[in-house]
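quick one, fold the following:
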Amino acid sequence: MLVAGIMSGTSVDAIDVALVEISGAGSSLVVQLVCFEEIPFPEGVREEVLGVSNAVVATSRISQLNFMLGRLFGEAVLETCGRSGVTVQELDLVGSHGQTIYHQAAPTRLRGFQVSSTMQIGEPACIALVVGKPVVADFRPADVAAGGHGAPLVPFLDFVLFRDPKINRVALNIGGIANLTAIPAAAGSEAVFAFDTGPGNMVIDQLVQRFSDGAERFDRDGRIAARGAVDELLLADLLEDPYYAQPPPKSTGRELFGEEFATMLQEQGLARESLVATATELTARSILLAIERFVLPTMPVDELLVSGGGWRNPAIIQPIREGLAHTRVQSTDQNGIDSDAKEAIAFAVLAYETFHGRPANLPSATGADHPTILGKIVPGVGRCPH
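A predicted model of the protein is given here:
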């Protein structure tokens, strides 16, 4: 099957679309990337999305954005097909992660009930209307309903792609949030474990955008961090956050490392470069701390395979290399998987498994009570006029 995977992450940088040829089943899947594109959001849409993320906002706004994003996701698939020379008629299926606007894995009490919840917007019925193909979307709720965190979900793909009979591997994705998947050599899927380590690029990006009044979106090549000095006292205090000591399974997001966190950092009174340097070191150090606390007691790490935008920031990667001196640290590109495309590929694969009625969460990664079929299927309903 030819499947389009759509991913829009916590950084809301762009709509990532991967066209993926998939065959087989379960751990024997064969996955081949046909094309990958990053489609920019139209002017002002990113700000709209961030405005409803973990915020008190009118339900009308969420409803409107849900339908607008669905239309944009569908159009991004059409644009990707056009750029790659693939006709929409050749496409069999679409998988969409959706845009997370709230994620609360730990249950809280509501009217006497213990409730966990997650919400991703980007209406799949709109995607199906635009593309004219079946759509699988909204993957996280089924895992949350089964007692899991609903995240991370990419470990299923990591296991399929990176398991090895002799090599202990960790797949690390540094997006807005950083997460890792530990894959012991020769292990079955039940031995794989995964979790969010903490902030990836999210905090760095927020600070850079604030300091530049929106003119810059991220610290290109870690240049700003390189001009600053890490405040070790502040960093030590930040690393005392209970999240880092919490054993997996666990997940986090903008609720912990969003606007309030960035504001708190700004209020520390550091020079801009030093604040960015400290936030960057927080990402690197929290990743190393997670590996030290939760991975190394279980297995040695022979290879660390990195994906996501953080791979291109040497101010993040160099401290990780130094902290894992006996580990091969390299991009997933060197293993045949585009480091920018991996998460979009993952949701193409999850959609494929759901379409065939097969579970694709890993309870050892999410903490769910049992494997479950993820997502909701909307049938292809014919393309709408443009």
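
from now on I want contacts and neighbour counts done on CA atoms only, so please keep to that.
Noted.

what is the mean pLDDT for the lengthiest helix in the chain?
If you go by DSSP state H, the chain has its longest helix at helix 59-84. Mean per-residue pLDDT for helix 59-84: 96.

who does that helix touch, helix- and strand-wise?
If you count contacts as 3 or more C-alpha pairs under 8 Å, 6 or more residues apart in numbering; DSSP states H and E, helix 59-84 packs onto strand 2-8, strand 15-23, strand 30-39, helix 45-52, strand 113-121, helix 124-131.

the second one pairs with which strands, parallel or anti?
When sheet partners are counted by DSSP bridges, strand 15-23 sits next to strand 2-8 (antiparallel), strand 30-39 (antiparallel).

residue ranges of the helices in the stretch 101-250 of the chain, please?
124-131, 140-145, 155-162, 202-211, 223-226, 232-238, 242-245 (DSSP state H, counting those that start in this stretch).

now do the longest one: everything it contacts.
Applying C-alpha atoms under 8 Å, 6 or more residues apart in numbering, the contact partners of helix 202-211 are 10-11, 175-177, 214-219, 257-259, 261-262, 266, 272, 276, 279-280.

what's the burial count for the nearest residue to residue 125 once chain neighbours are set aside?
The spatially closest residue to residue 125, leaving aside those adjacent along the chain, is residue 378, at 6.2 Å (C-alpha to C-alpha, 6 or more residues apart in numbering). Residues lying near residue 378 (other C-alpha atoms under 10 Å) number 19.

shouldn't residue 378 be in contact with residue 132?
No. Applying C-alpha atoms under 8 Å as the test, residue 378 and residue 132 come out as separate, 10.4 Å apart.

which strand residues bridge residue 5?
Beta-bridge partners of residue 5, counted by DSSP bridges, are residue 18, residue 95.

ok, now which ones touch it?
Contacts here follow C-alpha under 8 Å, 6+ apart; on that basis residue 5 touches 16-20, 94-97, 344-349, 351.

same check on residue 333?
residue 339.

for it, give its distance to residue 308.
11 Å (C-alpha to C-alpha, to the nearest Å).

shared neighbours of those two, which are they?
Overlap of the contact sets of residue 333 and residue 308 (by C-alpha under 8 Å, 6+ apart) consists of residue 339.

how about low-confidence regions in the stretch 201-350 of the chain?
Within the stretch 201-350 of the chain, not a single segment meets pLDDT under 70.

just the strands in it please.
Counting by DSSP state E, counting those that start in this stretch, the stretch 201-350 of the chain has strands at residues 303-307, 328-331.

tell me the most buried of those?
Across the strands of the stretch 201-350 of the chain, the average number of neighbours (mean count of other C-alpha atoms under 10 Å) peaks for strand 303-307, which reaches a mean of 23.

what is that one packed up against?
For strand 303-307, the elements it packs on are strand 169-174, strand 328-331, judged by 3+ C-alpha pairs under 8 Å, 6+ apart.

how about these in CSV, adding distance to residue 68?
Converted to CSV, the helices and strands packed on strand 303-307 look like this (distance: least, C-alpha to C-alpha, whole Å):
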stretch, distance to residue 68
strand 169-174, 28
strand 328-331, 34
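
looking at the ones you listed, which is nearest to residue 160?
Closest to residue 160 of the helices and strands packed on strand 303-307 is strand 169-174 (C-alpha to C-alpha; 11.7 Å).

what angle separates the closest one from helix 155-162?
Relative orientation of strand 169-174 versus helix 155-162 (axes from the mean of the first three to the mean of the last three C-alpha atoms, to 10 degrees): 130 degrees.

which residue sits closest to residue 92, ignoring its sequence neighbours?
Nearest one to residue 92, counting by C-alpha to C-alpha, 6+ apart, is residue 2 at 5.4 Å.

count the neighbours of the one you found for me.
There are 20 residues near residue 2, going by other C-alpha under 10 Å.

same question, the one 5 residues further on
By the other C-alpha under 10 Å criterion, the neighbourhood of residue 7 contains 26 residues.

right, and it touches residue 340 too?
No. Judged on C-alpha under 8 Å, residue 7 makes no contact with residue 340 at a distance of 10.7 Å.

which residues are in contact with the spatially closest residue to residue 274 that is not a sequence neighbour?
In space, and not counting its chain neighbours, residue 274 is closest to residue 228: 4.0 Å by C-alpha to C-alpha, 6+ apart. Neighbouring residues of residue 228 by C-alpha under 8 Å, 6+ apart: 271-277.
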